[in-house]
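Participant: Can you look at this prediction? I've put the sequence above it.
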Amino acid sequence: MSLAKKSALAVVAAYQNKPFEGRAILTAIPQGFGFFTMAQPGHFHLDLRGTRDFSDLKTDALVVTKVYLDGEAHAGFVDRVEQIYPEVLRVYNQLPLDADITISGHSEGAALALLLAALIKPTRLILFACPKTVDVTLRDAILHMGFAIEHYAGRYDLIPDFPVGLHQVLEPERLYFPNVYKADELGQHSIEHIAEALL
């Protein structure tokens with residue numbers, strides 16, 4: 001099973017407010033966004049769920065930009081990162097210097113994963129149906145930080161195309177879901193369908 005598929009399944013578990021099976025919990029992320037876990041010694045995962053409730057919808061809707069590092073990013077996502085970052089940093093600072101860290105997230109959680117990766121520079125970042133989150137300056141800075149990036153989404157999912165005016169760090173590899181109608185946005189955006197399509 002690929003790391004991308006395991007990460008997608010870990011995000012599915014985060015939506016269910018539980019860690020991926022077989023991983024040791026280092027911390028639960030505030031506001032039920034997911035878990036920082038250890039898969040095996042030296043290998044750590046931060047898996048973040050996406051929009052789940054009205055509070056998350058308000059975050060998604062705050063599409064003005066805000067200064068973030070050397071560029072600008074979606075203000076709602078920056079505000080949310082500022083809320084959860086202290087706990088992420090607390091655990092990160094306890095990890096060994098040579099830790100292998102994977103950050104993954106779906107939808108809003110992918111945007112948070114992207115912004116957190118710009119702060120802690122993991123080994124790899126795996127995004128699922130990430131909305132446009134950053135300006136060109138921040139996109140270019142992130143692309144030069146040296147960590148691997150993967151991005152997957154449903155072939156007809158519209159979320160990675162919005163909001164207008166912001167940019168993707170990496171355009172998604174579009175996955176085909178044979179049992180989901182093209183016009184079924186919830187089906188096209190589903191982390192469960194993404195996990196099923198990955199090898």
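Facilitator: Thanks, I have the structure now. Keep in mind it's a predicted model, so treat the numbers as computed, not measured.
Participant: Show residues contacting the helix or strand of the chain with the lowest mean pLDDT.
Facilitator: The weakest-scoring helix or strand in the chain, judged by mean pLDDT, DSSP states H and E, is helix 54-61 (a mean of 87). With CB atoms under 8 Å, 6 or more residues apart in numbering as the test, helix 54-61 has contacts from 31, 50, 51, 76, 77, 79, 80, 108, 131. The way it works is simple: take the backbone N, C-alpha and C, and place the C-beta from them, glycine included.
Participant: which residues in this protein form strands?
Facilitator: 24-29, 34-40, 43-48, 65-68, 71-74, 100-106, 124-128, 148-154, 173-175 (DSSP state E).
Participant: Find the one among those strands with the highest mean neighbour count.
Facilitator: Burial of the strands of the chain is given as mean neighbour count (mean count of other CB atoms under 10 Å); strand 124-128 ranks first at a mean of 28.
Participant: what's it packed up against?
Facilitator: helix 3-15, strand 100-106, helix 108-120, strand 148-154 (3 or more CB pairs under 8 Å, 6 or more residues apart in numbering; DSSP states H and E).
Participant: any chance of the ones you listed in JSON lines, with distance to residue 168 too?
Facilitator: Below are these laid out as JSON lines (distance: least, CB to CB, whole Å):
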{"stretch": "helix 3-15", "distance to residue 168": "17"}
{"stretch": "strand 100-106", "distance to residue 168": "14"}
{"stretch": "helix 108-120", "distance to residue 168": "9"}
{"stretch": "strand 148-154", "distance to residue 168": "7"}
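Participant: can you redo those as JSON lines with mean pLDDT and distance to residue 198?
Facilitator: JSON lines is the format used below for these (pLDDT from 0 to 100; distance: least, CB to CB, whole Å):
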{"stretch": "helix 3-15", "mean pLDDT": "98", "distance to residue 198": "4"}
{"stretch": "strand 100-106", "mean pLDDT": "98", "distance to residue 198": "12"}
{"stretch": "helix 108-120", "mean pLDDT": "98", "distance to residue 198": "15"}
{"stretch": "strand 148-154", "mean pLDDT": "98", "distance to residue 198": "7"}
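Participant: Quick one: closest of these to residue 92.
Facilitator: helix 108-120 (5.3 Å; CB to CB).
Participant: That closest one: which residues count as buried?
Facilitator: Of all the residues in helix 108-120, those buried under the rule 16 or more other CB atoms under 10 Å are 108, 109, 110, 111, 112, 113, 114, 115, 116, 117, 118, 120.
Participant: No further questions, thank you.
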